[in-house]
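[1] take a look and give me a structure for this.
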Amino acid sequence: MNLETLQGYFQNIVLSEKSRSADWVSQREGRLPSKGRLDIYHNAYRIRLIEVLRENFEHTAIYLGDDWFNQLAKTYVEQHPSTYNNIGYYGDKFAEFLLKQLSEDKEVAELAELDWLLRRAFDGEDSGVLTMETLPLVVSRDPENFRLFPVPTVTLTKHTCNTLDIWHAIDQENAPPPVILLPQPVDVLVWRKGHSPHFRSVLAHEATALSWMKEGYSINEIGESLQNRFPDIDASTVFGQMLHRWINDEVLAD
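    Numbers count the residues shown, from 1 in each chain. Down below sits the predicted model:
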């Protein structure tokens, strides 16, 4: 048996739902039989991936409690073998998995997604940030059609529950508040400022403006479109306020 074949057999046993023995494992008197030795690797693989999920979804694990989280994590591991060389990226479908498993408890999936986005923002792509000093230079490049772009770690999502309140309570080691279904979904902005991931809720017009910026709309196009979509706001004033906060929060790339 060559090395590649041996590795394939070993991987199949590790990834199988149940461990089994193998006649290609050498046997020696006084040592564990092949199945017992393979069981060690079979179990260790699952334990490590569950540990990774606990690290990547810390607030979700606290919210669910050890028993419930471990049960769900174990099922996820069986259904989603690791495909990453960097184990820190394991769990990209965990929030989606929780939404299917706990369809009546949407705050759990939203909490998991927030945990994941914050983790990804932490180790996301670096970039320079726009400042009040560099803004005039950006504008001068094309005054009539200049564009701004969010930093690479910017992500927008929507919450249907008071998930942000739940996350904050857990983070402060307080009891989570009762789950409340919001009157309408709220947009949530996630990004990294300096070396720390951040998040906050944003109004619909701010989320829309950020989305259009990511798509490459010019500032003039965004201002005109905002006024058309949200006729009750003064687009020029509101955009100026948003721009000032984005720069202070390091949301925009230079």
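[2] what mean pLDDT does the top strand by length along the chain get?
    Determined from DSSP state E, the single longest strand within the chain is strand 181-193. Here strand 181-193 scores 98 as its mean pLDDT.
[3] show me what it packs onto, helices and strands only.
    helix 106-122, strand 155-161, strand 196-202, helix 204-214 (3 or more Cβ pairs under 8 Å, 6 or more residues apart in numbering; DSSP states H and E). In this view, the C-beta of every residue, glycine as well, is placed from N, C-alpha and C.
[4] 10 Å - rerun?
    Counting contacts by 3 or more Cβ pairs under 10 Å, 6 or more residues apart in numbering; DSSP states H and E, strand 181-193 is packed against helix 106-122, strand 155-161, helix 163-171, strand 196-202, helix 204-214, helix 235-249.
[5] out of the ones you listed, the one nearest Leu15 is which?
    Ranking those by their distance to Leu15 (criterion: Cβ to Cβ) puts helix 106-122 first, at 23.3 Å.
[6] will you turn the helices and strands packed on strand 181-193 into TSV that also has mean neighbour count?
    Conversion of those to TSV gives the following (neighbours: other Cβ atoms under 10 Å):
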stretch	mean neighbour count
helix 106-122	22
strand 155-161	18
helix 163-171	18
strand 196-202	15
helix 204-214	19
helix 235-249	15
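[7] export those as a markdown table, with columns for mean pLDDT and distance to Tyr41.
    Supplementary listing: those in a markdown table, determined by pLDDT from 0 to 100; distance: least, Cβ to Cβ, whole Å:
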| stretch | mean pLDDT | distance to Tyr41 |
| --- | --- | --- |
| helix 106-122 | 98 | 27 |
| strand 155-161 | 98 | 36 |
| helix 163-171 | 98 | 34 |
| strand 196-202 | 97 | 34 |
| helix 204-214 | 96 | 44 |
| helix 235-249 | 95 | 46 |
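[8] want to throw these into JSON lines with distance to Glu4?
    Shown next, in JSON lines, are the helices and strands packed on strand 181-193 (distance: least, Cβ to Cβ, whole Å):
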{"stretch": "helix 106-122", "distance to Glu4": "33"}
{"stretch": "strand 155-161", "distance to Glu4": "39"}
{"stretch": "helix 163-171", "distance to Glu4": "45"}
{"stretch": "strand 196-202", "distance to Glu4": "41"}
{"stretch": "helix 204-214", "distance to Glu4": "43"}
{"stretch": "helix 235-249", "distance to Glu4": "51"}
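[9] now stretch 78-97: buried residues?
    Buried residues in stretch 78-97, counted by 16 or more other Cβ atoms under 10 Å: 82, 90-91, 94-95, 97.
[10] determine which two of those residues are furthest apart.
    Ser82 and Ala95 (16.9 Å).
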